[in-house]
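# Could you look at this predicted model? Sequence included:
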Amino acid sequence: MGKGKRGEENNNGKKVIIAIIVIILIAGIIFGVTKLVKKSGTQNQQEAQNPNISQGRDVTGNTYELKGKTLIAYFSRTGNTSTIASLINRKIGGDIFKIQPKELYSYNYDEALERMKKEKDQNARPEIQNKVENMDEYDVIFLGYPVWLDTIPMIINTFLETYNLEGKTIVPFCTDSEAGAHNSVEDIQKAEPNAKVLSAYAIRGSNVGEESTKESVDLWIESTQKQLEE
């Protein structure tokens, strides 16, 4: 009888422990869901205020804080420049703005090249269908683009001329078939003589998907941080 009673007491003790564990787990789940709902609500509110802007942070905590509020604005035809913009965002956070042309560029290179040449010859300003409504709030603008005909696409000129960027810091990043910025940085500085334009990160488009790209972007951002502090 003694053993049976002790066995019953042991069983009751195990049940109590299990019940406590279950309560702790349920409390943790409720807390996590509540936190997620609050975060989602805040993000939805931000996106409602700035529908063209998306916010992002590296969920791994691998962030690198830059001085001043940062915008990552980019134009991408094939997705290569978009990939680099995402890597930058994962490193430093900041807001992302995709420059969307009213008339999309063909994914076919020959067709796109014909349009590029025509726009450059005419010194055209292709229309952009979206806009940064709160540009005055940003101190640093990472500006991404593919290098076209040895310089920035004409739609980047449209972007630059849309806003007053005086006193801001522009950090170019670009993709190119030859992995060079060519005349693009100089032309950005000409378009924005009263802005500080830093050296560009340039990568061959065919190399964007390589594992080493993230590391090279990280190293470039760290060197950019030093330039921003000068």
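Received, thanks.

# same question for the particular helix or strand that has T158 in it, mean pLDDT?
Per DSSP states H and E, T158 falls inside helix 154-162. Helix 154-162 carries an average pLDDT of 98.

# Give me the residues contacting it.
If you take Cβ atoms under 8 Å, 6 or more residues apart in numbering as the criterion, helix 154-162 is touched by 73, 75, 99, 101, 116, 119-120, 123-128, 131, 143, 145, 188, 191-192. Just so you know, the C-beta spots here come from the backbone N, C-alpha and C atoms, and that holds for glycine as well.

# so of those, which ones are in helices?
Residues of the contacts of helix 154-162 located in helices (DSSP state H): 116, 119-120, 188, 191.

# Phi, psi for the residue minimising distance to the centre of the chain please.
Nearest to the mean C-alpha position of the chain, counting by Cα atoms, centre = their mean, stands N89 at 3.5 Å. Taking degrees, to the nearest 10, you get phi -60, psi -40 for the backbone angles of N89.

# Please apply the same query to A200.
Given degrees, to the nearest 10, the pair of backbone angles that A200 has is phi -100, psi 150.

# what's the answer for Y105, then?
Note on Y105: its backbone torsions stand at phi -90, psi 140 [degrees, to the nearest 10].

# how close does it sit to F173?
For Y105, the distance to F173 (Cβ to Cβ, to the nearest Å) stands at 19 Å.

# Run a quick neighbour tally on Q129.
11 (other Cβ atoms under 10 Å).

# returning to what we had before: would you mind measuring from the residue nearest to the centre of the chain to I23?
To I23, N89 is 39 Å away according to Cβ to Cβ.

# quick one on the thing from earlier: would you mind listing the buried residues in the helix holding T158?
154-160 (16 or more other Cβ atoms under 10 Å).

# Which of the ones in helices among the contacts of helix 154-162 ranks first by neighbour count?
Counting neighbours by other Cβ under 10 Å, I188 leads the ones in helices among the contacts of helix 154-162 with 24 neighbours.

# I'd assumed C174 was in contact with that residue.
No. Using Cβ atoms under 8 Å, I188 is not in contact with C174; the gap is 10.1 Å.

# If any of the contacts of helix 154-162 are buried, give me the PyMOL selection for them.
Of the contacts of helix 154-162, the buried ones go into a single PyMOL selection, burial set by 16+ other Cβ under 10 Å:
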select buried, resi 73+75+99+101+116+119+126+128+143+145+188+191+192
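
# Same drill for Y105 and F173, tell me which one is more crowded.
More crowded of Y105 and F173, by other Cβ under 10 Å: F173, with 24 against 21.

# Just to be sure, that one is in a strand?
Yes. Under DSSP: H, G, I helix; E, B strand; the rest coil, F173 sits within a strand.

# That one - nearest residue in space that isn't next to it in sequence?
Computed as Cβ to Cβ, 6 or more residues apart in numbering, the closest residue to F173 that is not its neighbour in sequence is Y201, at 4.2 Å.

# who are the neighbours in contact with that neighbour?
84, 172-174, 216-217, 220.

# show me where the protein has strands.
53-55, 70-74, 95-98, 140-146, 169-176, 196-197, 201-204 (DSSP state E).

# Kindly compare burial across those and name the winner.
strand 140-146 (a mean of 26; mean count of other Cβ atoms under 10 Å).

# Direction included, what does that one pair against?
strand 70-74 (parallel), strand 169-176 (parallel) (DSSP bridges).

# what's the closest non-adjacent residue to F97?
Going by Cβ to Cβ, 6+ apart, F97 has A73 as its nearest residue, at 4.4 Å.
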